[in-house]
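Visitor: Structure, please.
(chains A, B, C and D)
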2 protein chains.
Amino acid sequence: MTVTLKDVATLAGVSVKTVSNVVNGYAFVKPENRRRVEEALAATGYRPNVGARNLRRGRTGFLALMVPELSIPYFGELAGLVITAAQKRGWSVLIEQTQGTRSRERETLFSLGPHLVDGALVHPEALEAADFPSPGEIPLVMLGEHAVDVPIDHVAIDNVLAAQTAVSHLASLGRTRIAAIGRNPARGTSSQRLAGYREALSSAGLSYSDTLVAPAEKWHRSVGAAAMRSLLASDSPPDAVFCFNDLLAIGALRAVAELGLRVPEDVAIVGFDNNEESAFSLPALTTIAPDKTALAEAAIDLVHRRITGDKALPPQDIQTPFALEIRESTKGR
Amino acid sequence: MTVTLKDVATLAGVSVKTVSNVVNGYAFVKPENRRRVEEALAATGYRPNVGARNLRRGRTGFLALMVPELSIPYFGELAGLVITAAQKRGWSVLIEQTQGTRSRERETLFSLGPHLVDGALVHPEALEAADFPSPGEIPLVMLGEHAVDVPIDHVAIDNVLAAQTAVSHLASLGRTRIAAIGRNPARGTSSQRLAGYREALSSAGLSYSDTLVAPAEKWHRSVGAAAMRSLLASDSPPDAVFCFNDLLAIGALRAVAELGLRVPEDVAIVGFDNNEESAFSLPALTTIAPDKTALAEAAIDLVHRRITGDKALPPQDIQTPFALEIRESTKGR
DNA sequence: GGTACTTTTTACATCGTTGGAACAACGTTG
DNA sequence: CAACGTTGTTCCAACGATGTAAAAAGTACC
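Guide: All right, here's what the predicted structure looks like:
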């Protein structure tokens, strides 16, 4: 059924290797033979067996991308960009979901054998240092925050600075009771954004209060809504909130609306990630907009360099740009 | 560097095949040898070369999933569910994006050689009958609407009925000027939803008018907003709108709000897809909620049956369930 | 025509794995 | 103890492709 090099060779009346040479663009093939082989290729509809080729070449042509969940807009958008960037370099992308649990993350990381993929882009959520495979297995690039210090390539925006930028923006509007939603000690990203939040408060001359920082196990919309409700129920509710991602912020918007308060008049809200939906929420969400395209391309670039040579390169730590996208949730219409 | 069966065999002092037998759970291996092999496996950290194994077995362990764009929430959510369902059956999923263009769709479909993946799930947007590969290449399952009639497995909800349900709901609220957003003659889905819209109008005793049907090339939020603005600018604006997907509806919500009108009092809105974000929009969106999990599982099931035998099975056409999710955009708070 | 060189083609081994058959060891049975 | 079935192990070929090196064909020059 399937056509192999041998079939083509028989049809063209040459050896298997000559066909292989034509397929791979080897220069020294007699024009006459090349023509016959090409005809035979066309006639049979030959397509190389990728598995066999890779077995021989020691490459697979696949990259893995590990993310918590594709249904989370940030990861859906990022995955799309990664796939596009990988495709330009001739790679196909295999996606693994971990639900953000440490056990699934470890499992996934471990299962990424050197034969399955040429390299992997991982966006860990709960991994710890000990979980990382011995270096030298396959090229690994980490996306987003590392909770821990491992000598592995890493691409992300400056989370502390970004959080600081967001909160400074709120302070610059004259808000004095600025809350935060999203604390989660188990996640590196959370710690970094919290640090930026505290830095911004202090440089604005505002004092930090634990009661203004709401925890959030999962950074989902419903959690943001619940957190916002509890913040608003306190004795001295906030007049602004920095949410650690857009989903929390979208939830917060709803909680505010349900209590009959207005955004931004009563409470200003800033998110983080710039999900596509955030430009269309009512009111539209002010948010930190990471350059996701740059992120995806930097990551693919890095893994490409690792795979093609540069073994000795010390672990890179690349920061990609971000911007504060000011919209209605802090400035009104 | 990499550990092969041979290395393990040498260490354990048995033949390669015996190690292979242990790895593959062959029953008749002397306990003593089994123990030694297992120790050697653990000591070396052996991991099978998937490529070689597949070359031998004639399977790849990969499925392809072709979608327009992962950044579109519906596809992000669906892809996540497909990956989960595939994983249960031991498959990894390779994602290809087409941007919904016919040329990229053809290209992708063609490039899915029998060696690259065991089967493919495709969600075409613009493909025509002629574009489909000769049957018998690799198992192909189509998701969502087929614009054309090809003898290929197909899983989707009943789009006509779903659209009819949505519009009947609007009619049952007493709305009489029910518009639609999303007409696009090039897309099968659009035609089906339009058909359902017309059926519902007629069974409610309402007349169809072209001026109430807004076209939409891309079903994105901004397009929905623009379409809604133009509908509202007409002489006799609608009092309800059926949007062909949630993104259009989200855009429509914004357009209504910007004109100072209220949803649902002035205009009721129904969407389609039940994206996660639609439960949190302000107001929350009434929408058709397809059972995406059922869809993903039915598709994986089907491709699994095709791959493991059932070659003779005639092309299946499976309908998965949906529900009308009634929320604030048609019923108020 | 012989030599030296270049171009073109081929045979063969190989990548890591598994299926199948052959073989060896073993205990049972007649 | 020969014949036999049952277990357990090994050897060999094969999956489809490519790298290597050697063979074959062609060209140029003396």
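Visitor: so what's A:Val14 closest to, chain neighbours aside?
Guide: Ranked by C-beta to C-beta, 6 or more residues apart in numbering or on different chains and with sequence neighbours excluded, the top spatial neighbour of A:Val14 is A:Asn33, at 5.7 Å. For every residue, glycine as well, the C-beta is placed using N, CA and C.
Visitor: ugh, typo on my part, it should be A:Phe75
Guide: A:Phe75's closest residue in space is A:Val67 (C-beta to C-beta, 6+ apart), at 4.3 Å.
Visitor: May I ask you to confirm that that neighbour is in contact with A:Glu77?
Guide: No: applying C-beta atoms under 8 Å, one finds A:Val67 not in contact with A:Glu77, separated by 10.8 Å.
Visitor: Neighbours of the spatially closest residue to A:Asp291 that is not a sequence neighbour, how many?
Guide: Among residues not flanking A:Asp291 along the chain, A:Pro321 sits closest, at 4.8 Å (C-beta to C-beta, 6+ apart). Neighbourhood size, A:Pro321 [other C-beta atoms under 10 Å in any protein chain shown]: 12.
Visitor: which residues in the stretch 151-300 of chain A form helices?
Guide: Secondary structure of the stretch 151-300 of chain A (DSSP state H, counting those that start in this stretch): helices located at A:159-172, A:188-203, A:221-232, A:246-258, A:292-307.
Visitor: Any idea which of those helices gets closest to B:Asn274?
Guide: helix A:221-232 (13.9 Å; C-beta to C-beta).
Visitor: if we can go back for a sec, so which of the helices of the stretch 151-300 of chain A is the most surrounded?
Guide: helix A:246-258 (a mean of 26; mean count of other C-beta atoms under 10 Å in any protein chain shown).
Visitor: all strands for the stretch 51-200 of chain A, in order.
Guide: Shown for the stretch 51-200 of chain A, the strands assigned by DSSP state E, counting those that start in this stretch span residues A:62-67, A:92-97, A:119-122, A:140-143, A:153-156, A:178-183.
Visitor: Identify the residues contacting A:Ser111.
Guide: A:Ser111 makes contact with no residue, according to C-beta atoms under 8 Å, 6 or more residues apart in numbering or on different chains.
Visitor: now it: how far from A:Ile138?
Guide: A:Ser111 is 11 Å from A:Ile138, where distance means C-beta to C-beta, to the nearest Å.
Visitor: What of A:Ala156?
Guide: 20 Å.
Visitor: who in the stretch 51-200 of chain A is up against chain B?
Guide: A:51-52, A:54-55, A:60, A:62, A:69-73, A:75-77, A:79-81, A:83-84, A:92-97, A:113-116, A:136 (C-beta under 8 Å from any C-beta of the partner chain).
Visitor: are any of the residues you listed buried, and which?
Guide: A:51-52, A:54-55, A:60, A:62, A:69-73, A:75-77, A:79-81, A:83-84, A:92-97, A:113-116 (16 or more other C-beta atoms under 10 Å in any protein chain shown).
Visitor: Spatially nearest residue to whichever residue of chain A sits closest to chain B, not counting backbone neighbours?
Guide: Residue nearest to chain B within chain A (C-beta to the nearest C-beta): A:Gly76, separated by 3.0 Å. Excluding the flanking residues, the one nearest A:Gly76 by C-beta to C-beta, 6+ apart is B:Gly76, at 3.0 Å.
Visitor: quick revisit: list the contacts for the residue of chain A closest to chain B?
Guide: Taking C-beta under 8 Å, 6+ apart, one finds A:Leu70, B:Leu70, B:Ser71, B:Ile72, B:Pro73, B:Phe75, B:Gly76, B:Glu77, B:Ala79 in contact with A:Gly76.
Visitor: State the pLDDT value of A:Ser134.
Guide: A:Ser134 carries a pLDDT score of 59 in this model.
Visitor: And A:Thr165, by the same measure?
Guide: The model's pLDDT for A:Thr165 equals 98.
Visitor: And the helices in the stretch 1-150 of chain A?
Guide: In the stretch 1-150 of chain A, the segments counted as helices under DSSP H, counting those that start in this stretch are A:5-12, A:16-23, A:31-44, A:50-57, A:73-88, A:102-111.
Visitor: what's the fourth one packed up against?
Guide: Applying 3 or more C-beta pairs under 8 Å, 6 or more residues apart in numbering or on different chains; DSSP states H and E, we find helix A:50-57 packed against helix B:50-57.
Visitor: what does the helix it packs on rub up against?
Guide: For helix B:50-57, contacts defined as C-beta under 8 Å, 6+ apart pick out A:Asn49, A:Gly51, A:Ala52, A:Asn54, A:Leu55, A:Thr60, A:Gly113, A:His115, A:Leu116, B:Thr60, B:Gly61.
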